[in-house]
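A.B. asks: Just a sequence and a predicted model for now, questions to come.
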Amino acid sequence: MDDELTKIFRRVFATRRFPPNLLKKYGKSHVKGLLLYGPPGCGKTLIARKLSLALKSIEPKKVNGPEIMSKFVGQAEENIRNLFKEAMEDERNLGEDS
């Protein structure tokens, strides 16, 4: 688990230590999101919680499939957009500090 967490941390967060102009110069960019998937009990929630603690961040949102799904056309897509609404507002208001 430690090796996997180290790989995830490097890929997702290491670029945050460098100024945007330096990243642009070398053709690199920040990872804008992280999607954890897998069967129950494989450590997805543990990884999310440990990363949020390491980053002194808010508690991650835990979403189950039935909360997103809908029998109405377009409703599932809207539910997914709503999940990211708060993060998008933070990015718009705080920029790189979000």
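C.D. replies: That came through fine. Numbering: from 1, shown residues only.
A.B. asks: Could you use CA atoms for every contact and neighbour count after this?
C.D. replies: Will do.
A.B. asks: and the longest helix along the chain, which residues are buried?
C.D. replies: Of all the elements of type helix in the chain, the one with the most residues (DSSP state H) is helix 75-94. Under the neighbour-count criterion of 16 or more other C-alpha atoms under 10 Å, helix 75-94 has residue 76 buried.
A.B. asks: Check which helix or strand residue 70 maps to.
C.D. replies: When elements are assigned from DSSP states H and E, residue 70 belongs to no helix and no strand.
A.B. asks: Quick check: chain neighbours aside, which residue is closest to it?
C.D. replies: residue 76 (5.4 Å; C-alpha to C-alpha, 6 or more residues apart in numbering).
A.B. asks: give the contact list for the one you found.
C.D. replies: The contact partners of residue 76, by C-alpha atoms under 8 Å, 6 or more residues apart in numbering, come to 68, 69, 70.
A.B. asks: Any chance of a markdown table for these, columns neighbour count and distance to residue 20?
C.D. replies: What follows is the contacts of residue 76, written out as a markdown table (neighbours: other C-alpha atoms under 10 Å; distance: C-alpha to C-alpha, whole Å):
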| residue | neighbour count | distance to residue 20 |
| --- | --- | --- |
| 68 | 15 | 34 |
| 69 | 15 | 37 |
| 70 | 14 | 40 |
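A.B. asks: Need the contact partners of the lowest-mean-pLDDT helix or strand in the chain.
C.D. replies: When the helices and strands of the chain are scored by mean pLDDT, DSSP states H and E, helix 2-13 comes last with a mean of 77. Helix 2-13 is contacted from outside by 30, 31, 33, 34, 47, 51, using C-alpha under 8 Å, 6+ apart.
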